[in-house]
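Novice: Here is my input; please provide its structure:
(chains A and B)
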Number of protein chains: 2
Amino acid sequence: MWLYVVLAALAWALGWLVRDHRTLPSVKDKHVFITGCDSGFGNLLARRLSRRGYRVLAACLTPHGAESLQRSCGGHLRTTLLDVTRSDSIRRAGEWVRAEVGEKGLFGLVNNAGVANPIGPTEWMDIEDYRRVMAVNTFGAIEVTLQLLPLLKRARGRVVNTSSVLGRISANGGGYCMSKYCVEAFSDSLRRDMYHFGVKVSIVEPGFFKTAVTNLEVLEASLQQLWERLAPETRLSYGEDFFQKCGPEGAEVHHDPDV
Amino acid sequence: MWLYVVLAALAWALGWLVRDHRTLPSVKDKHVFITGCDSGFGNLLARRLSRRGYRVLAACLTPHGAESLQRSCGGHLRTTLLDVTRSDSIRRAGEWVRAEVGEKGLFGLVNNAGVANPIGPTEWMDIEDYRRVMAVNTFGAIEVTLQLLPLLKRARGRVVNTSSVLGRISANGGGYCMSKYCVEAFSDSLRRDMYHFGVKVSIVEPGFFKTAVTNLEVLEASLQQLWERLAPETRLSYGEDFFQKCGPEGAEVHHDPDV
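Specialist: Numbers count the residues shown, from 1 in each chain, chains lettered A, B, ... in the order given. Coordinates of the predicted model:
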């Protein structure tokens, strides 16, 4: 009995190993469009694919991000500016991609642009906090995808959407988890709808990686802002020292009187 | 061994039976605010709770819906107009609820208002199709909840959010599945965030019930609209008879030439 289990496990591992070692014969004419290349995963992926010889089309939110990426990478990488919350910006980037890829179409699209804050207790949020995060992580990814689908179909390409472990477990209040749940839902229906056309759809579900999204100082500053704008009676229902107890600095402040 | 399993199952069933037969000693002073009471689940729930003696605060989208519900129910039910996609409408409804419930607070909130269409292949959608469904099902439910949380905390009340089986399985393209994934994510973080304050949060996940949301004629008309606005090259990639093959009428039309 155990022998069969071990053999099956080995065969499976071997299968994966073989599968993951298959490489494309040539990537010199493969275009990959990546959003959110100013920093984090997008920036790293753009650099890595560029080193491997892909034709990287890197979209950055800021001119500074685009310039510094362009400077550090060479020939095969090209940058454009893209704000995924604005339809005109997405349309312009789509035209640029179309001109770059020509008749071959688009080999890959990586929807990576994302924001996280504010994250915190639901009661501390207002509806605009949800809208802002959803505008980037969800509607941005969808609108970019819809814009580029014709080019992806032409190349029988692939879409890689950045979800999160928080796309399966809603661990915090705020728009982030919701926005990643949406990425899961959108990707799964897109996957089935595009299967017939040879377009593949994958998701990546990172955990707690050290990117701008998980920067603790930024998270804490955002929580502080939420706390300060709360109505006095709401703050009172949590207790005036609730926020100080949570924060790392606050913990010290809170300890002092006890000493 | 089997005896223990059977005994455990019996004990469990008995526990549920007892739990589900517990009733409140009096519901005469319990206010329940329900959105989307023009038709479907919301309408049925408003009538039923009103018959049982609850003080039902029923929000309808249309004056016609409100009047006909008010006419068919009696004393304990009161109606108001609410468009959950408009912040001013939600604020006004919130003020009305506050005046109705007084110092007792709000016993229950049922976020039921929802729309489904368009549902169809992802490529047939534009971004506004997603936004419109999300505006009602997701942002509407969140904004109504945030508005009423202080009253719910006062009464140590409960929130019931209408999700769907499509909040777990993204079976179709379009905004509906996504919007229900969001309801799942929002409800779960809300549940944890409100636990300390004695506010309970539940979800309902209906399957294919016969409400306006699952009306096949409406679904088909919406698909027809999407198909007709598609770019010719996109339509061609599906084949000109794709849509006719799917629709019940189209199927007949398609059979004729084969006869």
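
Novice: rest of the way, CA atoms for contacts and neighbours
Specialist: Noted.

Novice: For burial, what's the neighbour tally of A:Leu7?
Specialist: By other Cα atoms under 10 Å in any protein chain shown, the residues close to A:Leu7 number 11.

Novice: Tell me how far the helix or strand hosting it lies from the chain's centre.
Specialist: Applying DSSP states H and E as the criterion places A:Leu7 in helix A:2-21. Centroid displacement of helix A:2-21 relative to its chain, using Cα atoms, centre = their mean, to the nearest Å, is 31 Å.

Novice: Give the rounded mean pLDDT of it.
Specialist: Mean pLDDT, helix A:2-21: 93.

Novice: do you know how far A:Lys200 is from A:Gly102?
Specialist: 20 Å (Cα to Cα, to the nearest Å).

Novice: Look at these two and report which has more neighbours.
Specialist: Each of A:Lys200 and A:Gly102 has its neighbours counted (other Cα under 10 Å); A:Lys200 has more, 20 against 10.

Novice: dump the residue contacts of the more buried one.
Specialist: A:156-159, A:191, A:194 (Cα atoms under 8 Å, 6 or more residues apart in numbering or on different chains).

Novice: Show me the domain layout of chain A.
Specialist: A:25-210, A:215-253 (the TED database).

Novice: Need the winner for burial among these.
Specialist: When these are scored by mean count of other Cα atoms under 10 Å in any protein chain shown, the highest mean neighbour count falls to domain A:25-210 (a mean of 20).

Novice: Let's test this: mean pLDDT of it, rounded?
Specialist: Here the average pLDDT along domain A:25-210 is 95.

Novice: Now do that domain: distance from first to last residue.
Specialist: 33 Å.

Novice: helices or strands up against the strand or helix carrying A:Ser89?
Specialist: Counting by DSSP H and E, the element that carries A:Ser89 is helix A:87-101. If you count contacts as 3 or more Cα pairs under 8 Å, 6 or more residues apart in numbering or on different chains; DSSP states H and E, helix A:87-101 packs onto strand A:77-81, helix A:141-155.

Novice: got those as TSV, with distance to A:Tyr238 columns?
Specialist: As requested, these are exported to TSV (distance: least, Cα to Cα, whole Å):
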stretch	distance to A:Tyr238
strand A:77-81	43
helix A:141-155	36
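
Novice: possible to save the ones you listed as CSV with distance to chain B?
Specialist: Below are the helices and strands packed on helix A:87-101 laid out as CSV (distance: least, Cα to the nearest Cα, whole Å):
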stretch, distance to chain B
strand A:77-81, 20
helix A:141-155, 6
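
Novice: partner residues bridging the closest residue to A:His76 other than its chain neighbours?
Specialist: Using Cα to Cα, 6 or more residues apart in numbering or on different chains and skipping the chain neighbours, the partner closest in space to A:His76 is A:Arg55 (5.0 Å). A:Arg55 forms beta bridges with A:His31, as assigned by DSSP bridges.

Novice: I'd say A:Arg55 and A:Leu77 touch.
Specialist: Yes: counting by Cα atoms under 8 Å, A:Arg55 touches A:Leu77, with 5.9 Å between them.

Novice: thinking again about what came up before, tell me which strands and helices whichever helix or strand comes after the helix holding A:Ser89 is in contact with?
Specialist: Going down the chain from helix A:87-101, the next helix or strand is strand A:108-111, by DSSP H and E. In terms of contacts (3+ Cα pairs under 8 Å, 6+ apart), strand A:108-111 is packed against strand A:31-34, helix A:141-155, strand A:158-162.

Novice: Can you give the contact residues for strand A:108-111?
Specialist: Outside strand A:108-111, the residues touching it (Cα under 8 Å, 6+ apart) are A:30-36, A:141, A:144-145, A:152, A:157-162.

Novice: Between the two ends of stretch A:73-93, how far is it?
Specialist: Per Cα to Cα, the first residue of stretch A:73-93 is 20 Å away from its last.

Novice: quick one: it to chain centroid distance?
Specialist: With Cα atoms, centre = their mean, you get 16 Å for stretch A:73-93.

Novice: Equivalent analysis for stretch A:177-192, please.
Specialist: 12 Å.

Novice: Is that stretch positioned near chain B?
Specialist: Yes: judged by Cα under 8 Å from any Cα of the partner chain, stretch A:177-192 comes into contact with chain B at A:177-179, A:181-182, A:185-186, A:188-190.

Novice: export those to TSV and tack on secondary structure?
Specialist: What follows is the residues of stretch A:177-192 next to chain B, written out as TSV (DSSP: H, G, I helix; E, B strand; the rest coil):
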residue	secondary structure
A:Cys177	helix
A:Met178	helix
A:Ser179	helix
A:Tyr181	helix
A:Cys182	helix
A:Ala185	helix
A:Phe186	helix
A:Asp188	helix
A:Ser189	helix
A:Leu190	helix
